[in-house]
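1. please find the sequence and the predicted model below.
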Amino acid sequence: MIKPVLLWTDALVFLLVAVIVAFVLYARHREHLRTPWREVLRSRLAMASLVVLAAYVLTGLLDSVHFRKALPVKNGQQEIQYSGEVLSLFDLLMGPVRTQVEKSYSAPFAVRLYTREAVIGPDGVQRRIYPRLRYGGRHLADPDRERGPDIARRATLAAAETAAAALLILWLSSWRLARRHAETPRRMARQLLRGDLDLPWRTALATVSLLLLLLFMLYNLAGAYHVFGTDKVGQDVLYQTLKSIRTGLVIGTLTTLIMLPFAIALGMMAGYFRGWVDDIIQYLYTTLNSIPGVLLIAAAVLMMQVYIANHPELFETMTERADMRLLFLCLILGITSWTGLCRLLRGESLKLRELEYVQAATAFGVARATILIRHLLPNLMHLVLIAVVIDFSGLVLAEAVLSYVGVGVDPTTLSWGNMINRARLEMAREPMVWWSLLAAFVFMFGLVLSANLFSDAVRDAFDPRLRQRQ
Amino acid sequence: MFAYVVRRMLYAVPILIGVNLLTFALFFVVNSPDDMARMHLGMKRVTPEAIEKWKADHGYDRPLLYNAQAEGLGRVTDTIFFEKSVRLFAFQFGSSDGGRNIGQDIGQRMWPSLAIAVPVLLLGLLVYISFAMLLAFFRGTYLDVSGVVLSVVLMSISLLFYIIAGQYVFSKLFHLVPISGYQPGWLAWRFVILPVAIGVFAGLGSSSRWYRTIFLEEINKDYVRTARAKGLSEPGLLFGHVLKNALVPILTGVVVVLPTLFMGNLILESFFGIPGLGSYTIDAINSQDFAIVRAMVFLGSVLYILGLILTDISYTLVDPRIRLS
């Protein structure tokens, strides 16, 4: 028995997904909306980064389906009690990786603990040795000799599985493309491999294969070893860094989602109505802008901490409390970051309102709200889109810094910032514990780099100033 | 010009009032002084007397905005808002919740902050402009493309990584500089050099890419083409004309941040244990000292507005076509 849990951020994430899906369906048959996106995907880098981003998003979405398991029913108990632990679909998929908790630190692929422990041997003598791990490499009888070949065997298996899966995908995609281009699948596959098609499908396929390789490696190795080692309390670092993906994505997307309505509405109104409306809105964003961002965030988060500490009855589980804090962080980050976009939209609206088609609409007596929504808004959307994709990577990076300052996400939420923050002290250990830090940085780098590359392509395709220059 | 500056300063007053009202609302409306007292005294077993005493000690025992019991002007001045917020306008920061004089602390901690922030700014400008000029000179070649890709990669790496890697390599592995700390006077350079280098390097990606765009925009203008047609050499063109004109947006962008340099760099200072205003702020946040956070918010907004005014003035200085009215 399970009880589904819909956290606030889950709801908003699914809302966002629904909006994107609706837009794709809407734009599919409208050429003027499709053209710039085709332009984006024509770039090989953009295609590759889109595939990587999609992998991150998929992980984040799987991690956004939450539920609570029922506790075993005791005798004579009528009502079903649910566990206080909120799990996600992703936790189920990770299976043993989540639950196989060691005693303390262990290095990547280690079979022994990283620290010495006093153990009483079978002969009754106490020795200080590196004890075997509870789970990592448990299946090996003689770990020193068998570990290398075992890892190699599993990696080879993963490579073989990847090759099979990649061939299957190649066959499926050429079959699909062949129907669209009225070709035979065999010739289509050849064209695809030569890279002769209008979109860089070959790059997409290569990236997918690479990701599949990682996936199969994970599948084969993560259950038997701790691929990225374990942290102080013995939790698998790979699991932590994968769980952090959701936090990063939520901050990167929900922040802009929250700020967008304000920025668009106020920016358009200031530019279109001018006069006292403009004055008030300008005053509003200058005031907000003049408070140093980090301090405003810090002040707001501090206040919220006091509020949450004083009202524990509002939250049923710890996860819900942490989630509320995450949402609030998005909100406050949004408040500090909408001003830039608002100013940009105001300037553009000032220019647009003087154009002939808007003047004509005014002369025909079209209602002002209609002019704003039907005539101004569509012509501002490219600015909004560019701002959203550019802000994304900055927000993901900001999360790490804020968590370090102590005003980021809840300490119980798994996030890259929290991982780095905790691992910082481990750097001073002798010998050094480096894997948690590295795992967090590598996964964050992957997300931010692909987001940066993708946003470059989006900007090139949507910014009319850049389009004219080419 | 003078009239313009005076008017801008007057215009700053409502903004600062807005900032104060906003922070005041944030601090006192969401949570009452009682909540704050409980937070500071610890959550468990707080007696009402202890709360009253804490409030009286820290000046939170007055009404929020309007004191009905006081006489005359005291109705407005004998309130928390007046005591804690309006006094900021006279730069009277009062004492922190920990009991120290905030104004004095700020005066002391300003200098280490500047010792980091000023070199980062100047050295950064030099490095970013040179790198961007190099890319603009070789525009369209593989050097340019790989430079841009390098910039994107560099800007995708977290600042925290640069700091941790830098501390590890230079301090722990090679023992070139102390890992953290500070010492006043000229000997400070040993402590300052690594944070400065990391600060400059961390900004390399985004800044030089942005400067390169500015240079390229300038290179594509008509006067450059004319100059080239008249036979000016490419380096002469870049240094003589393009650099000079591109410096206008770059320098005015720098002027905005000049006053905020006093606030220091939060992350660098706290990682390297430099007793500047940045680490002061972080410590205040961590120890939940609201008085300091409030003072720093106010100081930050004043400096930001000062930066905006300076930017407008600098526009008239570098571009004679712009006249302030």
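-> Arrived safely, thanks for sending.
2. count of residues packed around B:Val175?
-> Careful, residue B:175 is His; it's not Val. 9 (other CB atoms under 10 Å in any protein chain shown). In this view, the C-beta of every residue, glycine as well, is placed from N, C-alpha and C.
3. which SS state does it fall under?
-> Put simply, B:His175 is coil when judged by DSSP: H, G, I helix; E, B strand; the rest coil.
4. quick one, phi psi at it?
-> Main-chain dihedrals, B:His175, degrees, to the nearest 10: phi 50, psi 40.
5. also the one 5 residues further on?
-> The main-chain torsion angles of B:Ser180 are listed as degrees, to the nearest 10 and equal phi -160, psi 170.
6. distance-wise, check the closest residue to it other than its chain neighbours relative to A:Ile120.
-> Leaving aside its sequence neighbours, B:Ser180 sits nearest to B:Gly273 (CB to CB, 6 or more residues apart in numbering or on different chains; 3.7 Å). Distance, B:Gly273 to A:Ile120, using CB to CB, to the nearest Å: 43 Å.
7. so for those two, which residue has more residues nearby?
-> B:Gly273 (14 against 9).
8. so the more buried one is in contact with B:Ile282, correct?
-> No. At 11.2 Å, B:Gly273 does not count as touching B:Ile282 under the criterion of CB atoms under 8 Å.
9. so which elements touch the longest strand along chain A?
-> Counting residues, the longest strand in chain A under DSSP state E turns out to be strand A:82-88. Applying 3 or more CB pairs under 8 Å, 6 or more residues apart in numbering or on different chains; DSSP states H and E, one finds that strand A:82-88 makes contact with strand A:66-70, helix A:318-352.
10. what's the burial count for the spatially closest residue to B:Phe138 that is not a sequence neighbour?
-> Distance criterion CB to CB, 6+ apart; nearest residue to B:Phe138, sequence neighbours excluded, is B:Asp144 at 4.9 Å. Other residues lying near B:Asp144 total 17 when counted by other CB under 10 Å.
11. give me phi/psi at B:Asp144?
-> B:Asp144 adopts backbone torsions of phi -60, psi -50, taken as degrees, to the nearest 10.
12. residues touching it, list them.
-> For B:Asp144, the contact set (CB atoms under 8 Å, 6 or more residues apart in numbering or on different chains) comprises B:Leu135, B:Ala136, B:Phe138.
13. coming back round to it: which element follows the longest strand of chain A toward the C-terminus?
-> helix A:89-94 (DSSP states H and E).
14. which secondary structure elements does that next one contact?
-> helix A:44-62, helix A:237-273.
15. go with 10 Å
-> Here helix A:89-94 touches helix A:44-62, strand A:66-70, helix A:96-99, helix A:237-273, going by 3 or more CB pairs under 10 Å, 6 or more residues apart in numbering or on different chains; DSSP states H and E.
16. nearest to A:Met1, out of the ones you listed?
-> Evaluated with CB to CB, the helices and strands packed on helix A:89-94 place strand A:66-70 nearest to A:Met1, the distance being 3.8 Å.
17. just give me how far stretch B:112-125 sits from the chain centre.
-> 12 Å (CA atoms, centre = their mean, to the nearest Å).
18. quick one: is that stretch near chain A?
-> No. Applying CB under 10 Å from any CB of the partner chain, one finds stretch B:112-125 separated from chain A by no less than 13.4 Å.
19. using CSV, list the CA coordinates for that stretch.
-> The C-alpha trace of stretch B:112-125 is given here as CSV (Å, rounded to 0.1, in the frame of the first residue of the first chain):
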residue,chain,number,x,y,z
PRO,B,112,40.9,43.9,4.2
SER,B,113,37.8,43.8,1.9
LEU,B,114,39.3,46.5,-0.3
ALA,B,115,42.7,44.7,-0.3
ILE,B,116,41.0,41.8,-2.1
ALA,B,117,38.3,43.6,-4.2
VAL,B,118,40.4,46.4,-5.7
PRO,B,119,43.2,44.1,-7.1
VAL,B,120,40.6,41.6,-8.4
LEU,B,121,38.9,44.4,-10.3
LEU,B,122,42.0,46.1,-11.7
LEU,B,123,43.9,42.9,-12.6
GLY,B,124,40.7,41.3,-13.9
LEU,B,125,40.1,44.2,-16.3
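20. re earlier: can you tell me the SS state at the residue nearest to B:Ser180?
-> coil.
21. residues contacting A:Pro96?
-> If you count contacts by CB atoms under 10 Å, 6 or more residues apart in numbering or on different chains, A:Pro96 has them with A:Tyr135, A:Ala222, A:Gly223, A:Ala224, A:Asp236.
22. just for chain B, where's the confidence low?
-> Scanning chain B with the threshold set as pLDDT under 70 gives B:29-31, B:39, B:42-45, B:65-68, B:70-78, B:98, B:323-325.
23. quick one: contacts for B:Leu216?
-> B:Leu216 touches A:Arg469, B:Ala132, B:Leu135, B:Ala136, B:Arg139, B:Gly140, B:Asp144, B:Val242, B:Ala246, counting by CB under 10 Å, 6+ apart.
24. my guess is the residue nearest to B:Ser180 contacts B:Gln183. True?
-> No. Using CB atoms under 10 Å, B:Gly273 makes no contact with B:Gln183, being 11.2 Å away.
25. mean confidence for stretch A:347-367?
-> The pLDDT scores in stretch A:347-367 average 90.
26. picking that back up, ranking the contacts of A:Pro96 by neighbours, who comes first?
-> Busiest of those [other CB under 10 Å] is A:Asp236, holding 27 neighbours.
27. and A:Gly137, helix, strand or coil?
-> A:Gly137 - assigned by three-state DSSP - is coil.
28. got the contact list for it?
-> A:106, A:109-112, A:143, A:146-147, A:150-151, A:224-226.
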